[in-house]
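Undergrad: Dropping a prediction and its sequence here:
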Amino acid sequence: MAKVLTPRSESYAQWYNDLVIKAGLAENSAVRGCMVIKPYGYAIWEKMQRVLDDMFKETGHQNAYFPLFIPKSFFSKEADHVEGFAKECAVVTHYRLKNNPDGKGVVVDPDAKLEEEYIVRPTSETIIWNTYRDWIQSYRDLPIKINQWANVVRWEMRTRLFLRTAEFLWQEGHTAHATREEAIEEAETMLKVYADFAEKYMAMPVLQGYKTASERFAGAVETLTIEALMQDGKALQSGTSHFLGQNFARVFDVRFQSKEGKEEFVWATSWGVSTRLMGALIMSHSDDNGLVLPPKLAPVQVVIVPIYKKEEELKQIVEQADKIASALKKHGVSVKVDDDDKHKPGWKFAQYELQGVPVRLAIGPRDLQNGTVELARRDTLTKEVLPVEGIDNRIAELLDDIQNNIYQRALNFRKENTHTVDTYDEFKKVLNEKGGFILAHWDGSDETEEKIKQETKATIRCIPIDSNPEPGKCMVTGKPSRQRVVFAVSY
RNA sequence: CGGGGUAUAGCACAGCCCGGUUAGUGUGCCUGCUUUGGGAGCAGGAGGUCGCAGGUUCGAAUCCUGCUACCCCGACCA
């Protein structure tokens, strides 16, 4: 079979690029740093959205929509927030074009300069908290639990499809609470939602934990994160949930009157996952033949490929295929019968493997005669011939098996690539030779964290949420450490 | 924003150093026939202002200048 992807062993980065493009997920656009998400890629994103959206609604959130543009003055109110995002903001300065007086094309009309410039949102805390001020007077107005699905812009120097693009799609939850405890609980709840989604739907195991001060969201008191391990041993931050304290309430003057008649600042959270999850999904499961999708997120779960010589045979096979398809649909399984005569079966096999369709059925004249179908699993690349009778039940179960199998496989990979070390030498050695997650003691200081980052490129991915922490001594300074933290080189 | 590279048919590339027929190869596309259980074969055909703007020259894809875009490596980051 002709390989269309660069093998992972040769270049993981190239393999990733090849896969995203060849599987029809996304491509680079005419706009620097901005991708076009193609129909197949978008279909996966839509499935993610649907599941997450349901999870948000079940946890008491409602969707709303806030503006793309944020007045510069709003943005500059929260000092840390500005510092974090200022360097990557797109700015709108004018509102009109005019014909170029010197000839062809159009130019910005200098007379149409905005009184106050707008920032294209890199995130929406400021516009939302400015709005919440008007919505909140009393504790009876709380909590407010809102989510928005939106695009945001962060002007990145170097971009990679899905993993880091100048414009990306995401959801951002923004909640307002009467008490500190309730806000913290909200941030923790949403982290659990993300972890659940990652593990149960994406089949991607994640570590949950706190970010260190240097990795924290700009403007947050605490940032919680889910961290996943990619096949090349690098970590990918896949979702974050922030406890914002009263930082945004203070600068936007959002106060409420408590039951006791006291005026207090509102407590806040925000949380988000983005199209970066697409990158996480790809790099968790896929192989040198292409994408491997968990059945729960696959736009097409089963594809049926007819194999035939004569038109007449095709007709009979498609009849059989349609029968199987409608039986499967009763189980809620999404099926495609590919009777397109543009390509031969071999081409289709390769193509559906590239696109990660979990189960492929092939039906030929021989099967018609024997009452069988050939079933191929994408996750194991194995094939078997099975009776048509009861195939729908068999496949419904198989899809669950596949979902579990790829989760288990990813979990095993993570276990094999998680190492515990006690000395800095050992740390460097493991990092160089194996990569992956490294559990080590750290004294809690910014200086030590920075030193390790400078010397090894590894960062603290998270301080795990651990009910049973193991105290020890920092591998670099020997100072006391409350618990092990997770290091890795990250995307 | 530094360092390197690339720009020629839908896509992937050769040609450029050393200027000179009608700019070529693979793949994809169109037509026909044969094929179809792992990316089919043969025959015929369509498709290019050689990234853009100048310059040198009798003549430029090729040499020179400027610009733009993209890719890779760094710094920054979800």
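TA: Done, it's in.

Undergrad: which of the residues in the helix or strand in which residue A:348 is found are buried?
TA: Element membership for residue A:348, per DSSP states H and E: helix A:345-354. With burial defined by 16 or more other CB atoms under 10 Å, the residues of helix A:345-354 counted as buried are A:348-354. C-beta coordinates here come from the backbone N, C-alpha and C atoms, glycine included.

Undergrad: And stretch A:30-40, by the same measure?
TA: Under the neighbour-count criterion of 16+ other CB under 10 Å, stretch A:30-40 has A:33, A:35, A:37, A:40 buried.

Undergrad: Alpha carbons only: can I get that stretch in CSV?
TA: Provided in CSV are the C-alpha atoms of stretch A:30-40 (Å, rounded to 0.1, in the frame of the first residue of the first chain):
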residue,chain,number,x,y,z
ALA,A,30,-4.8,32.5,2.8
VAL,A,31,-4.9,34.3,6.1
ARG,A,32,-1.6,34.0,8.1
GLY,A,33,-2.0,31.7,11.1
CYS,A,34,-5.6,31.0,10.5
MET,A,35,-6.9,27.6,9.4
VAL,A,36,-9.8,26.4,7.4
ILE,A,37,-11.6,23.6,9.2
LYS,A,38,-12.8,21.2,6.5
PRO,A,39,-16.1,19.4,6.7
TYR,A,40,-14.8,16.2,8.1
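
Undergrad: what's the average pLDDT for stretch A:148-168?
TA: For stretch A:148-168, mean pLDDT is 90.

Undergrad: For that stretch, measure first residue to last.
TA: Chord length of stretch A:148-168, first to last residue, is 14 Å (CA to CA, to the nearest Å).

Undergrad: circling back: pLDDT averaged over the helix holding residue A:348 - what is it?
TA: Averaged across helix A:345-354, pLDDT comes to 95.

Undergrad: Do any residues in it lie close to RNA strand B?
TA: Yes - against RNA strand B, helix A:345-354 shows contacts by CB under 7 Å from any atom of the strand at A:345-347, A:349-351, A:353-354.

Undergrad: Of those residues, which is the nearest to residue A:116?
TA: Nearest to residue A:116 among those: residue A:354, at 49.2 Å, using CB to CB.

Undergrad: so residue A:15 touches residue A:289, yeah?
TA: No - with contact defined as CB atoms under 8 Å, residue A:15 does not reach residue A:289; the gap is 11.0 Å.

Undergrad: between the two, what contacts are shared?
TA: Here residue A:15 and residue A:289 share the contacting residues residue A:5, scored by CB atoms under 8 Å, 6 or more residues apart in numbering.

Undergrad: still on that earlier bit, in CSV: the buried residues of stretch A:30-40, plus pLDDT, secondary structure and distance to residue A:73.
TA: Shown next, in CSV, are the buried residues of stretch A:30-40 (pLDDT from 0 to 100; DSSP: H, G, I helix; E, B strand; the rest coil; distance: CB to CB, whole Å):
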residue, pLDDT, secondary structure, distance to residue A:73
A:33, 83, coil, 27
A:35, 88, strand, 31
A:37, 91, strand, 33
A:40, 94, helix, 42
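
Undergrad: near RNA strand B, from those?
TA: With the criterion set as CB under 7 Å from any atom of the strand, the members of the buried residues of stretch A:30-40 near RNA strand B are residue A:33.

Undergrad: just to revisit the earlier point, got the CA coordinates for the helix holding residue A:348 in PDB?
TA: The C-alpha coordinates for helix A:345-354 follow below in PDB (Å, rounded to 0.1, in the frame of the first residue of the first chain):
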ATOM      1  CA  PRO A 345     -12.400  -1.000  -2.900                       C
ATOM      2  CA  GLY A 346      -8.600  -0.800  -2.100                       C
ATOM      3  CA  TRP A 347      -8.700   2.900  -2.400                       C
ATOM      4  CA  LYS A 348     -11.700   3.100  -0.100                       C
ATOM      5  CA  PHE A 349     -10.100   0.900   2.500                       C
ATOM      6  CA  ALA A 350      -7.100   3.100   2.700                       C
ATOM      7  CA  GLN A 351      -9.200   6.300   2.700                       C
ATOM      8  CA  TYR A 352     -11.400   5.200   5.500                       C
ATOM      9  CA  GLU A 353      -8.400   4.100   7.500                       C
ATOM     10  CA  LEU A 354      -6.900   7.500   6.900                       C
END
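
Undergrad: Give me the contact status of the next helix or strand after it with RNA strand B.
TA: With elements assigned by DSSP H and E, the helix or strand that comes after helix A:345-354 is strand A:359-363. Yes - using CB under 7 Å from any atom of the strand, strand A:359-363 comes into contact with RNA strand B via A:362-363.

Undergrad: Next: stretch A:219-226.
TA: No - residues of stretch A:219-226 contacting RNA strand B under CB under 7 Å from any atom of the strand: none, with a closest distance of 8.2 Å.

Undergrad: about what we covered before: in a markdown table, list the residues of helix A:345-354 next to RNA strand B along with distance to residue A:194.
TA: Output for those, formatted as a markdown table (distance: CB to CB, whole Å):
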| residue | distance to residue A:194 |
| --- | --- |
| A:345 | 40 |
| A:346 | 40 |
| A:347 | 38 |
| A:349 | 35 |
| A:350 | 34 |
| A:351 | 32 |
| A:353 | 30 |
| A:354 | 29 |
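
Undergrad: ok, so of those residues, who is nearest RNA strand B?
TA: Minimum distance to RNA strand B across these is 2.6 Å, recorded for residue A:346 (CB to the nearest atom of the strand).

Undergrad: do you know how far the residue of the stretch 151-300 of chain A found nearest RNA strand B is from residue A:333?
TA: In the stretch 151-300 of chain A, no residue comes nearer to RNA strand B than residue A:157, which is 3.1 Å away by CB to the nearest atom of the strand. According to CB to CB, to the nearest Å, residue A:157 and residue A:333 sit 44 Å apart.

Undergrad: ditto for residue A:211
TA: According to CB to CB, residue A:211 stands 40 Å off from residue A:333.

Undergrad: and the residue nearest to residue A:295 when sequence neighbours are not counted, what does it touch?
TA: Nearest residue to residue A:295 in three dimensions, chain neighbours excluded: residue A:399, at 4.1 Å (CB to CB, 6 or more residues apart in numbering). By CB under 8 Å, 6+ apart, the contact list for residue A:399 reads A:295, A:301-302, A:333, A:358-359.

Undergrad: Helix, strand, or coil at residue A:399?
TA: Secondary structure assignment for residue A:399 (DSSP: H, G, I helix; E, B strand; the rest coil): helix.

Undergrad: Could you check which of residue A:157 and residue A:333 has the larger neighbour count?
TA: Between residue A:157 and residue A:333, counted using other CB atoms under 10 Å, residue A:333 has the larger neighbour count: 20 against 9.

Undergrad: any idea how far the more buried one lies from residue A:253?
TA: Going from residue A:333 to residue A:253 by CB to CB gives 53 Å.

Undergrad: Ok, residue A:77 next?
TA: Distance of residue A:77 to residue A:253, given as CB to CB: 10 Å.

Undergrad: again, but for residue A:225
TA: According to CB to CB, residue A:225 and residue A:253 sit 30 Å apart.

Undergrad: And the two? Which one has more around it.
TA: Set residue A:225 next to residue A:253 and count neighbours by other CB under 10 Å: residue A:225 wins out with 26 against 12.
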